[in-house]
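K.L.:
Give the three-dimensional model of this entry:
(chains A, B, C and D)
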Protein chains: 4
Amino acid sequence: MLKYAMIGGGEGAFIGDVHRRAIRFDGRASLVAGSFSRDEGNNIKTGKSLFLDPERVYSSYEELISSEKELDFIVIVTPNNLHYPIAKMCLENRINVVCEKPVTVTLDEALELKKLSEKNKCHFAVTYTYTGYPMVKEMKSLIDEGRLGKLRFVKADCPEAWMAEKVEEMGNRQAQWRADPAQGGKTNCLGDIGIHIENLVSYVTGLKIRKVCAVVDKFVEGRKLDDNAVVMVEYETGAKGLYWLSYIAIGHGNGMKIEIYGSNGSVVWVQEQPNELIYTALNEPSNILKRGAAYLSPLQKENTRLPEGHPEGYYEALSNIYNYFFDELQSKRSPIKDGKYKFPTLKDGVESLLFVKRSLESAENNSCWVEK
Amino acid sequence: MLKYAMIGGGEGAFIGDVHRRAIRFDGRASLVAGSFSRDEGNNIKTGKSLFLDPERVYSSYEELISSEKELDFIVIVTPNNLHYPIAKMCLENRINVVCEKPVTVTLDEALELKKLSEKNKCHFAVTYTYTGYPMVKEMKSLIDEGRLGKLRFVKADCPEAWMAEKVEEMGNRQAQWRADPAQGGKTNCLGDIGIHIENLVSYVTGLKIRKVCAVVDKFVEGRKLDDNAVVMVEYETGAKGLYWLSYIAIGHGNGMKIEIYGSNGSVVWVQEQPNELIYTALNEPSNILKRGAAYLSPLQKENTRLPEGHPEGYYEALSNIYNYFFDELQSKRSPIKDGKYKFPTLKDGVESLLFVKRSLESAENNSCWVEK
Amino acid sequence: MLKYAMIGGGEGAFIGDVHRRAIRFDGRASLVAGSFSRDEGNNIKTGKSLFLDPERVYSSYEELISSEKELDFIVIVTPNNLHYPIAKMCLENRINVVCEKPVTVTLDEALELKKLSEKNKCHFAVTYTYTGYPMVKEMKSLIDEGRLGKLRFVKADCPEAWMAEKVEEMGNRQAQWRADPAQGGKTNCLGDIGIHIENLVSYVTGLKIRKVCAVVDKFVEGRKLDDNAVVMVEYETGAKGLYWLSYIAIGHGNGMKIEIYGSNGSVVWVQEQPNELIYTALNEPSNILKRGAAYLSPLQKENTRLPEGHPEGYYEALSNIYNYFFDELQSKRSPIKDGKYKFPTLKDGVESLLFVKRSLESAENNSCWVEK
Amino acid sequence: MLKYAMIGGGEGAFIGDVHRRAIRFDGRASLVAGSFSRDEGNNIKTGKSLFLDPERVYSSYEELISSEKELDFIVIVTPNNLHYPIAKMCLENRINVVCEKPVTVTLDEALELKKLSEKNKCHFAVTYTYTGYPMVKEMKSLIDEGRLGKLRFVKADCPEAWMAEKVEEMGNRQAQWRADPAQGGKTNCLGDIGIHIENLVSYVTGLKIRKVCAVVDKFVEGRKLDDNAVVMVEYETGAKGLYWLSYIAIGHGNGMKIEIYGSNGSVVWVQEQPNELIYTALNEPSNILKRGAAYLSPLQKENTRLPEGHPEGYYEALSNIYNYFFDELQSKRSPIKDGKYKFPTLKDGVESLLFVKRSLESAENNSCWVEK
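P.N.:
Numbers count the residues shown, from 1 in each chain, chains lettered A, B, ... in the order given. Next comes the predicted model:
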C-alpha cells in the first residue's frame, strides 16, 4: 500500500477531507503523516481523529518534509498562496506531489514548479476533479473517436449562487479569503471556477486557446473581487468557445454545464446530473447515455465502479484521478512527457494560470482580444 | 367581427398559415381578402382553399391596398425585403398593420415607417411571438413586482440545429433565402433569432442596451452569412447580458432559454417547455411555477386559456399578441405613445434593427464595444 | 366550409370553448347555430359573443335539432347526463355527432346510441382528446411497426391535485357536479380520467382488456365519490397493465404519463411535455424523439403543424381529431365499420363504459378480478 | 479504529466491494480478516489484494468465526441462502453483524435470528442502502414534521431493464442465481427489489402494512421466477399504496421513484437523481429541494458531506448506514429496543420477509387480499 502525508486539511477545512475520503475509497494508499493546521490544537486534534502516530503529526510543513523520508507522495490542500512554497520544497526533496488547483497563485511560480518537477523527476498531479467523472471521460472518447466531426463551438456555464449576497461579511470563512485580494489574488470567480472550465474543455476537446476576450464583473456592492465573468474564446483550429462563470447566479448549487458542438454531432453534460450525457448525431434523435451502460467506451468503463442506475458522484471523480496517479507511482516508470499522463499535471496548472492572466488582461483593456 | 387581408402566406410558405390560425383562434377577426403569392396559380389556389371570394384575391399587394377600403388591418407575411414597401403603402392609406419581424431590412426603413405610422395615426404590431407566452408574462410580472431585486445578469441562449449542414444547397427553401445576402440582408442567424432575444429580454426586464461586443461566425464551409453569434451586452443600469444564437447547435429544435439573475432572485424559462417557469428567491429552494395555476399574476391569467396541466404552445402565444392588438382596434382609441402598447410595435422593430446594426459593427471591428 | 351547431358550452362552461377553438383552428367548419345554456340570458349572450344570427340561437336542444336542417354535424358539450337524450335525437334526425366523453352515463345508453348510429348511418365522434397528440400517434406507429416487440406491461398514471381539498364545498362548480352522485353518476375520478387512460392505452397498443382488479378510494373526508383509484389489468394477449388515477395528488396539474414495455423496446410519454417521446430499444441508449423532426412516422407528420422546437399543445390535439372527422364528412363515404375510423367513435365510448363498470364491480367486491 | 471481518465478497462478486468502499469512506473501521470465497484461489487472491495478513484469510466462515476473537463486527455479503447459518454462528459467538438484504431466505429464519440477537445482545444491521440517502432522510423529516398532513397514498416504482432478455442463459452470473429457484428462493424481482421498496416506504412514512393484493408475472419466456410484480397495499391508518417492481422495464437502470401524497403536501424522490427532492405544499408551486442546502433538516445535514451542487451517490448512502452502526458500537450501549435504531435492523428484515410471503400468497390466490 502506498504511503502519503497531507499538508493542510485541518478540522473545519473543506477540501482536505474530500481528498482523504477519495484516497481511502480504493484502499490503495494510507495516510501516515500530516501537518494539518498552523493552529497547533487543530493540528493535533485532526491527527488524532485520523488515528495517526502523534510523532508524525508536524507543526510545520518544513518539519514534515524534512522528517518523512519514506513517503510515496504528499497531498497539498492548504490555502492557494501556500501551494508554491510547499510544492517547491517537496520537489526539491524529490517527493511526488498531489496539489489542489490552482497549483500556484502566479504563472511564474507554476512554470518554476514545472521545471523543477522535470529536473527532479517527480510526478505531480493537480486535482481538477471534474475531469475524473466517468461521463466526462465518455465525452472525451466520443470526440476522440470523431463522433462529433470537426469541433465548432464550445459552450460552458458555471453558475453558482453562493456569493449572491455579501457573505464575506456574514461569517462565511470560505468567502472571506476568496473575496480578499490579499489572500485570493487578483480574481475570485474567474480564477476559481474559470480554470475548472478551461481545464475541462481542454481535456475533453484537445482544443488549444489562441485568444480570449473577457468581461469581469463585481455585482455585489462593495465586493473587492469579481463575482461574475464571461470569456469568449478562439481556439487554434478556428473553433470558438463561450465560458460563463458566476457566483451570483441564484438558483444554482454548482450548475456546471458543458456543451460541445461539432459538424456531425454534439454532447451536453451537466455536473449536477453527472451520470448522464446527452449525445446527438446530426439529424438523429438525442441519446441519453447512462454511466455504467454496456454501450459506453473502454475509457468510461475504466473510471466507473457501479452498474447503471446506481449514482456515483464527486468523490468518485476525484478517486479516479488518484487511481491514475497511483498507477503511475506503482509502475515505477520515470516521469513522462507532458500531456501523456492520464491525470492532470503541472502542464494543466500552467495552462489555467495563463488563461486567467490573459482573461484579466482582456477585461482590464475594454475586452480587447488577448492572444495566448 | 374584425376584417383583415393578408399579403404573403401562399401555399408552401410557413408563417402565413401560423398567423391565420392564431387569428382564427379567438374568433375575433375574419380573413376577407388576400394577395398571397406572386405566382398567380398559387395565389388563386390559396384564396380558394381559404374560402375567399375570388374577386378579393389580388395579384399584387398594390391592387389589394388600393381596392380594399373596409379593412380593419392588413397582415404582412412576405419575405423580409418586401415588408417595407408594403407597410409603407398600408400606412399611406391609413390602414393598420400587423407585420412579421424583422419589420424591415434596414434601420432607416424602420424609422421611416415609425414616423409615418405616427403621422397617419395607424396601429402597427410587429409579431415577436415569444413575448406572447403566458409564462413570459409571468417573468415580466415577477420582475415588475421587484421579486428579483436589482437585475444583475441576463443570459439568453437560442440554439437551433437546422443549418448545421449546408441545407441551403440541399433543397431547403427557407435556408436558401436566409443564407443568401441578396435576399436575407447582411445577417442570417444574428438577425433572425438575435432580434427575438433582444426583444424578449427588453420586454421582460425593461433593460435598455448601452453597448454591445459581438462575435459572429460562419461555421459551415462556404456559407455566405453567419450561422452562430455571441453578443455581450451592457445595459444602461450597469447590468450585463450574454446572448448566444446558433443555427449549428445539433441537438436543438428551438432551444431558446432565458435566465435572469437579480439581487434577490432569479427566473429561468425554456421555450420548449413554455408552460413552466423556474423561480428562485435568494436562499430558498427553486419553485416550479406552472401556467394556469392560481398563484400566478393577473397578467399571466389574462394570457392563458387552459387550466394548469393542459399544455398551450406557440400558436396561443401569437394569439395573445393579436388579442391585445384587437383590443386596441376595438377600443377606437387613437394610436398611443410608444411603449404604452401591450403588444410589440414599430418601436420594438426599431430597437431590434439597432441591436443588429451595432452587433455587426462590433463583430466587424474585432469585437470592440459599440455604444448604442 | 362545413356547418355545425353546438349544444352546451355557454359562458362559464369550460369544454365548449375548447371545442370551438379547436374547430376554428383549421378553418374547415363554421358555427352557424347553437343552444348553449338553459339559462336563457347566458344562451343569448353566448350566441351574440359568437356573432351568431339570433334566430339560430335556440332555447332548447329539441328546438335546435328540429329547426336546423342543413347542418353537417352537431357538437354536444353539455353535462354528462344530457349526452344521451341529445345524441339520440340527433341520430334519429340523421345528424352526424361529435360528443364529449363519457359518451353516456350508462353502458346501455351507449350501446343503444351505437346501434342507432349504425342504423341511421351517422358518423359519431367521441372526443378523447389525448389520442390526438402527435407524439401519441408516434407511440402508436412505433408499436404498429413492431419496434417494441411483443408488448408485456403497460403503466399509466394520471395524477391530478385539483380535488385534494374538499373543493366541492368551496365554490368550485366543476367539482360540485363531479362530486355529486346525482349529477356525476357512480364515479368521479375513475370515470372521468380512467376512461381517458383506458382509451389512450387501447388506441396506442391495440390491446384488449380481458379482466380488471380495482381499488377505488375516497380520501377526502365526507366526499361522496372516489378521488383515487388503482386498476390492475390483464389483456387478452397475456400482457398486463397498471392504471393509477388520482384527484388528490398534490403537485400535479395533469400528470398523465404512459409507459409501454415490450420485449424489444419501450416508450414513455408525459402529457405535460407532449412534444417529446422517450423511446428505448433493448440494450440501447434512450432516444428523445421530438415532435416535428424529420425522422418521425408519416402518422405523426399528418398530425403536426409546426416545426420541431415550436411547442404544440392540447388544442392542436383536439383539432387533429376534428380533422379526421371532417375528412370523413367530406369524403361522402357511408359510415364505416367499427375500428376503421381514424378518430374515436361510439365503439370507444362503449369500451370505456364497460371498463368503468367492471372496475367498479371489482372494487365493490374486495378487488376480485372481473372478466370483461 | 473499529476492526471487522468480511464473509463473502471475493473477486467477481459485486456487493462485497461496495461494502468495503463504503466502510473505508469515513475511516472508522478497518478490515482485518476475511473468508471471501469457497474457491480457495479466489479467497487468497482477494485477501492479498486487500493487504490482509494471509493468516487471517480463512477457507471457511466457521474457521474465521472460531478464530477471530477481537472483532467489532462481521459483514456478511454471501449469496442469500448462506446469510442464515453464518449470521447464526456470529450471534452464537456474540459478534455484531452487518448483513446484506434479504437477511434470510425464509421468515422463520429471520425470526430466529432476531430472537438470538436479542438474547445474546448483539447489534445487527441489515443494509437497506436506499434509506441512507440524505434526501430520503429529508423526506422522512418532512413527514415527521407533519408537512404532508395526513398521509393518503404512496406510490413506489422500481423499474429496471436488466432481465428484459433471458440473460440467465447468456452468461450473466448475477442473473443465473437470481433466476434459479434453487438458489434465489421462491421469488426473484419481488423478493429482490420489492423488499427495498417495502423497507424504504416503511422507514420514510412510518406506515404499517395491514394487507396486500399482488400480481406477480414472468414475462420472459421459459423464465422460472418472476420478473415483474405489482402490489396494492393497505396500511393500518387506511392510507393506500401501490408498488411496481420490474426487471423487464427497458429504458431503466434503476428507476426507483417514491411518491408520497398527504392531505397537505407531497414529496417525490427519484433514486437516479438522489440529490434532489420535489416537495409541494397544497396550492403552492413545487419546490426543488437540493441536498446540502441550508434550508434542509438536521437529519439531512447529519447524513451529508458535500455542499449543494456537488453530487453524492450510492456509496455515501451505504456509508451513512454504517456510520450510525459505528456510533452504536462505539457508544458501548447495550443493544436497544426494536425501532429505536438509526439504521435498519433485523426487525426490518423480518418485516420485508413477511411482505414477500404475503404478496406471494396473494399472487398465488388470484390476487386476493392477504392480511398481514
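
K.L.:
Now A:Asn287: which helix or strand?
P.N.:
Element membership of A:Asn287 [criterion: DSSP states H and E] is strand A:286-290.

K.L.:
Now do that strand: which elements does it pack against?
P.N.:
Contact here means 3 or more C-beta pairs under 8 Å, 6 or more residues apart in numbering or on different chains; DSSP states H and E; on that basis strand A:286-290 packs against strand A:276-281, strand C:286-290. Just so you know, the C-beta spots here come from the backbone N, C-alpha and C atoms, and that holds for glycine as well.

K.L.:
any idea of the mean pLDDT in that strand?
P.N.:
Strand A:286-290 shows a mean pLDDT of 98 in the predicted model.

K.L.:
Now tell me what touches it from outside.
P.N.:
Contact with strand A:286-290 is made by A:135, A:138, A:275-281, A:295-296, A:308-309, B:251, C:278, C:285-288, C:290, D:253, as judged by C-beta atoms under 8 Å, 6 or more residues apart in numbering or on different chains.

K.L.:
Which among those residues count as buried?
P.N.:
The neighbour count (16 or more other C-beta atoms under 10 Å in any protein chain shown) marks A:135, A:138, A:275-281, A:296, A:308-309, B:251, C:278, C:285-288, C:290, D:253 as buried among those.

K.L.:
can you pull the pLDDT of the residue nearest the centre of chain A?
P.N.:
Most central residue of chain A, judged by C-alpha distance to the mean C-alpha position with C-alpha atoms, centre = their mean, is A:Tyr128 at 1.9 Å. Note for A:Tyr128: predicted pLDDT of 98.

K.L.:
okay, now A:Lys3: neighbour count?
P.N.:
Counted by other C-beta atoms under 10 Å in any protein chain shown, the residues lying close to A:Lys3 total 14.

K.L.:
For the residue of chain A positioned farthest from its centre, list the residues it contacts.
P.N.:
Among the C-alpha atoms of chain A, the one farthest from their average position, using C-alpha atoms, centre = their mean, is that of A:Asn283, at 35.0 Å. Taking C-beta under 8 Å, 6+ apart as the criterion, A:Asn283 is in contact with B:165, C:294-295.

K.L.:
In the stretch 201-350 of chain A, where is pLDDT below threshold?
P.N.:
In the predicted model of the stretch 201-350 of chain A, residues A:337-339 satisfy pLDDT under 70.

K.L.:
How about the residues of it by chain B?
P.N.:
Proximity of the stretch 201-350 of chain A to chain B, by C-beta under 8 Å from any C-beta of the partner chain, involves residues A:213, A:215, A:217, A:219-220, A:228, A:230, A:232, A:240, A:242, A:244, A:246, A:248-251, A:259, A:261-266, A:268, A:278, A:280-283, A:286.

K.L.:
re earlier: I figured the residue nearest to the centre of chain A hits A:Lys101, correct?
P.N.:
Yes. A:Tyr128 lies in contact with A:Lys101 (C-beta atoms under 8 Å); the separation is 5.7 Å.

K.L.:
and for the two, which residues touch both?
P.N.:
A:195-196, A:199.

K.L.:
Neighbouring strands of the strand holding A:Asn287 in the sheet, and parallel or not?
P.N.:
For strand A:286-290, sheet partners with direction are given as strand A:276-281 (antiparallel), strand C:286-290 (antiparallel), following DSSP bridges.

K.L.:
Go ahead and confirm A:Thr129 touches A:Ser319.
P.N.:
No. Here A:Thr129 does not reach A:Ser319: they are 9.7 Å apart, not a contact under C-beta under 8 Å.

K.L.:
In which helix or strand does the residue in the stretch 1-150 of chain A that chain D sits nearest to reside?
P.N.:
Of all residues in the stretch 1-150 of chain A, the one sitting closest to chain D is A:Arg24 (4.3 Å; C-beta to the nearest C-beta). Here A:Arg24 is covered by helix A:15-25, with elements defined by DSSP H and E.

K.L.:
For that helix, output the C-alpha coordinates as CSV.
P.N.:
C-alpha atoms of helix A:15-25 as CSV (Å, rounded to 0.1, in the frame of the first residue of the first chain):
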residue,chain,number,x,y,z
ILE,A,15,-11.2,20.1,0.6
GLY,A,16,-8.7,18.1,2.8
ASP,A,17,-11.4,15.8,4.0
VAL,A,18,-12.6,15.3,0.4
HIS,A,19,-9.1,14.2,-0.6
ARG,A,20,-8.7,11.8,2.3
ARG,A,21,-12.0,10.2,1.5
ALA,A,22,-11.3,9.9,-2.2
ILE,A,23,-7.9,8.3,-1.4
ARG,A,24,-9.4,5.8,1.1
PHE,A,25,-12.0,4.8,-1.4
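
K.L.:
Quick one: list the elements packing against it.
P.N.:
Using 3+ C-beta pairs under 8 Å, 6+ apart, helix A:15-25 is in contact with strand A:2-8, strand A:29-35, strand A:73-77, strand A:96-100, helix A:314-331, helix D:15-26.

K.L.:
what's in contact with it?
P.N.:
Contacts to helix A:15-25, defined as C-beta under 8 Å, 6+ apart, come from residues A:4, A:6, A:8-10, A:29, A:31, A:36, A:50, A:75, A:77, A:98, A:100, A:127, A:314-316, A:318-319, A:321-322, D:21, D:24-27, D:305-306, D:315.

K.L.:
Can I get the buried part of the residues you listed as one ChimeraX selection?
P.N.:
To isolate the buried subset of those in ChimeraX, counting by 16+ other C-beta under 10 Å, use the following:
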select /A:4,6,8,9,10,29,31,36,50,75,77,98,100,127,314,315,316,318,319,321,322 /D:21,24,25,26,27,305,306,315
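
K.L.:
one step back: okay, and which of the contacts of A:Asn283 map to helices?
P.N.:
If you go by DSSP state H, the contacts of A:Asn283 have nothing in helices.
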